[in-house]
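In: need a structure here:
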Amino acid sequence: MDKLECFKAYDIRGKVPEEIDANLAYKIGCAYADIINPGTVIVGYDVRLESPMLAEAVISGLMDCGVNVINIGVCGTEEVYFHTFHKEQDGIGGGIMITASHNPKGYNGMKMVKQGSRPMSGADDLKTIHDYVLENKKQMKTSSSYGKQVVQEDKSEYIEHLFGYINFAKIKPLKIVVNPGNGPAGAVLKLLEKHLPCEFIYINAEADGNFPNGVPNPMLIENRVVTSDAVIAHNADLGVAWDGDFDRCFVFDERGSFIEGYYIVGLLAASFLSKIAGSKIIHDPRLVWNTQDVVKKAGGIAVQSKSGHSFIKEKMRQEDAVYGGEMSAHHYFKDFAYCDSGMLPWLLIAELLSNSADKLSTMVAKSQDAYPCSSEINYKVEDVSKTLSNIENYYKPQGAVIDYTDGLSIEFSDWRFNVRGSNTEPLLRLNLEVKGKNISIAERIAEVEAIII
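Out: Modelled structure (predicted):
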């Protein structure tokens, strides 16, 4: 199998060793060094069993090409982001995180950023690295001088930065169920817990790359049960679960009910607008009505962007937006170098709960009632482009408002949906929302499905 199949739209990801191994990781380190010319690079890695090996190989490639490395050890992706932008003035020119996030056991990969934690996309930077590696399989360029490695695993500056987003003095003694999924989030939670008056109830807390309780992926409905049950059993105020590199967190209310990321975007947007009036909020086009409504009522400006971290981050910089959110539970923050964080969202929600007499379920109920939505539904199709064309041809004569920002968005006065192709698989992804509870989501889904299938 061609090793370079691990290069995806936004990152590098594949099976170990079939699609990515130490040899390829070394070459990627060399390519990154030569193309980006970063001076010094932050390198971190998750708890997967193969991650230390791949990190060592990447570091060797970087150092052989004259690049210095600060190895921050086991961490989450956002820690690499943080140190890359936080230490930019110290000559940090990029960051590499070894992770496969929520992918199954046996997969691994890399997420890479440039100076200031600016994203590297598949359309330009990743393709350049891909081509460099492909053209230099036998002989990689190395430097006459070798880089140096420093190990700095202290998390205190990162923890201090997280607390800068909330009014620490007003946090109440909440009871919070936390589920790191045996990933690296547990170590950070232990440090945060020391400074918060909250009671943390840990489940799947120990870091273990064997993933004895399953790979941390709360997007899977079956993986949510353990967190939901724990919230109910402990009568907690809040439940939070993380994916494998904790760049996303997934939230449960005090009843143990999972809250779709769509409604969390509205909640956080309103929170930021209450502090920074008139700000711009970036959102993706899959589900939009609630976010647009919340932002307008809070006196902000909602701006739509194509889905995906590189597009959201670019749009936030262009618009000088304070916050950006995707329904997939990616949340981006201006003061976090426009990067996504899985720790900041739940801290901000804890602050909201501390400042309100309402329960979390009450805070999102109005939005859930006003704009019910489907979860994302995936369909295997033979030809994504042809299926999208069929959908457009069906609805266009009906007077639908059509938007092409990302895939195809079809909008009527009381319901809308977005369909878009996967960047990595022959899948079509459907997200649908309606206005009010009197319109059947199931019927609308069945109508669209009849065209897809």
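In: Can you tell me the closest non-neighbouring residue to P52?
Out: Y45 (6.4 Å; CB to CB, 6 or more residues apart in numbering). For the C-beta atoms, the positions are set from N, CA and C on the backbone; glycine is no exception.
In: Please apply the same query to N378.
Out: Among residues not flanking N378 along the chain, L427 sits closest, at 4.9 Å (CB to CB, 6+ apart).
In: Tell me, how many residues neighbour that neighbour?
Out: Using other CB atoms under 10 Å as the criterion, L427 is surrounded by 14 other residues.
In: Mind listing the residues bridging to it?
Out: Beta-bridge partners for L427, by DSSP bridges, are K380.
In: same deal with V251?
Out: Beta bridges link V251 to V240, I259 when assigned by DSSP bridges.
In: ok, back up a step: my guess is the residue nearest to P52 contacts T77, does it?
Out: No: the pair Y45 / T77 is not scored as a contact, 10.0 Å apart, by CB atoms under 8 Å.
In: overlap in contacts of these two?
Out: 97, 99 (CB atoms under 8 Å, 6 or more residues apart in numbering).
In: which stretches of this structure have low pLDDT?
Out: 1-3, 122, 137-143, 424 (pLDDT under 70).
In: care to break it down by domain?
Out: For the chain, automatic domain parsing gives the domain ranges 3-155, 175-259, 261-340, 377-452.
In: Quick one: closest of those to S354.
Out: Nearest to S354, of all the domains of the chain, is domain 175-259, at 9.3 Å by CB to CB.
In: Ends of that closest one, what's the gap?
Out: With CA to CA, to the nearest Å applied, domain 175-259 spans 18 Å between its terminal residues.
In: go on, stretch 300-310?
Out: Between the start and the finish of stretch 300-310 there is a gap of 23 Å, counting by CA to CA.
In: for the stretch 101-250 of the chain, what spans make up the strands?
Out: Applying DSSP state E, counting those that start in this stretch to the stretch 101-250 of the chain gives strands spanning 107-114, 149-151, 175-179, 199-202, 238-242, 249-252.
In: burial measure for P218, as a count.
Out: Residue neighbour count, defined by other CB under 10 Å, stands at 23 for P218.
In: go on, D284?
Out: Residue neighbour count, defined by other CB under 10 Å, stands at 28 for D284.
In: show me what contacts it?
Out: 304-307, 312, 325-328, 406.
In: For A302, see how far away it is.
Out: Noted for D284: a distance of 11 Å to A302, by CB to CB, to the nearest Å.
In: Just give me the residue closest to the centre of this structure.
Out: H330 (3.8 Å; CA atoms, centre = their mean).
In: Please determine how far that one is located from Y323.
Out: Using CB to CB, we find H330 at a distance of 12 Å from Y323.
In: Same question for Y338.
Out: If you measure Y338 against Y323 using CB to CB, the figure is 10 Å.
In: Just the contacts of D284: which are in helices?
Out: Judged by DSSP state H, the contacts of D284 include I312 as members of helices.
In: Now render the contacts of D284 as JSON lines, adding distance to F246 and neighbour count.
Out: Below are these laid out as JSON lines (distance: CB to CB, whole Å; neighbours: other CB atoms under 10 Å):
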{"residue": "Q304", "distance to F246": "27", "neighbour count": "16"}
{"residue": "S305", "distance to F246": "23", "neighbour count": "22"}
{"residue": "K306", "distance to F246": "24", "neighbour count": "16"}
{"residue": "S307", "distance to F246": "20", "neighbour count": "22"}
{"residue": "I312", "distance to F246": "18", "neighbour count": "26"}
{"residue": "G325", "distance to F246": "17", "neighbour count": "27"}
{"residue": "E326", "distance to F246": "16", "neighbour count": "25"}
{"residue": "M327", "distance to F246": "18", "neighbour count": "26"}
{"residue": "S328", "distance to F246": "15", "neighbour count": "20"}
{"residue": "D406", "distance to F246": "25", "neighbour count": "19"}
